[in-house]
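Chemist: with the input below, show me the fold.
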Amino acid sequence: MLMQNILTMMFTYQEKGQQLEGIIRTQDVASESNGAIISTARINKFIGSANLASPLRTSIYYYQPIHKTVGNLFGELHESVIIELLQVYELNRVRFRLWDYGDRITDMQVFVIGQDRITETEIFNGLAKDVMTIKFPDQLVSKIKLYNTNGANIETKRFSIIKIQAYYAF
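Modeler: Purely as a prediction, here's the structure:
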């Protein structure tokens, strides 16, 4: 049985003096449990065992006390990490967590690739750290591409991704 990866958002809505509160649940389509894959996995490197190092795993992170590291996927300078979704989805949010040990800041670009599986739309270009949530106009997405533009502010210039999520927020 596939495990559903659900994000929960609280909302408050006010209209004409009445207040409505509720919960909206939306599905993280960039998770292994929902059929997403890393098409560049043969190029990228994993720190930790393969299924626990994947940024598409259900858990937010995996800590390895023996190695004193968090399971992650990394790309060298000018490499891309491409996430292929199971099908085309309408999305407007991509959230990712970067490995930030030692105050790493990464110069990177993020693209969404349209339903034709070719057209790239840049949704982020700049310095990233910790957890980033990128909001963009609603669009049909088949892939998500993270590109290591100028590397991190460390000797190796790698960018390390702990977790990626993609969803539609109402």
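Chemist: wait, a helix at residue 29?
Modeler: No. The assignment for residue 29, made by DSSP: H, G, I helix; E, B strand; the rest coil, is coil rather than a helix.
Chemist: residues contacting it?
Modeler: For residue 29, the contact set (Cβ atoms under 8 Å, 6 or more residues apart in numbering) comprises 36, 85, 86, 89, 91, 166, 167. Every C-beta, even on glycine, is put in place using the N, C-alpha and C of the backbone.
Chemist: who wins on neighbours among those?
Modeler: Highest neighbour count within the contacts of residue 29: residue 166, with 25 neighbours (other Cβ atoms under 10 Å).
Chemist: with secondary structure and distance to residue 141 added, can I get the contacts of residue 29 in CSV?
Modeler: CSV is the format used below for the contacts of residue 29 (DSSP: H, G, I helix; E, B strand; the rest coil; distance: Cβ to Cβ, whole Å):
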residue, secondary structure, distance to residue 141
36, coil, 11
85, strand, 7
86, strand, 12
89, strand, 6
91, strand, 5
166, strand, 7
167, strand, 11
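Chemist: of all the residues you listed, which two lie farthest apart?
Modeler: Spatially, the most separated pair among the contacts of residue 29 is 86 and 167, at 13.7 Å (Cβ to Cβ).
Chemist: between the contacts of residue 29, which is nearest residue 148?
Modeler: Distances from residue 148 to those, taken by Cβ to Cβ, are shortest for residue 166, at 19.0 Å.
Chemist: right, and that closest one touches residue 94 too?
Modeler: Yes. Residue 166 is in contact with residue 94 according to Cβ atoms under 8 Å; the separation is 5.1 Å.
Chemist: where do the strands sit along this structure?
Modeler: Using DSSP state E, the strands found in the chain span residues 6-15, 18-27, 37-38, 45-47, 63-64, 69-70, 72-75, 80-98, 106-113, 120-128, 131-152, 159-167.
Chemist: so which of those strands is nearest residue 57?
Modeler: Per Cβ to Cβ, nearest to residue 57 of those: strand 159-167, 7.8 Å.
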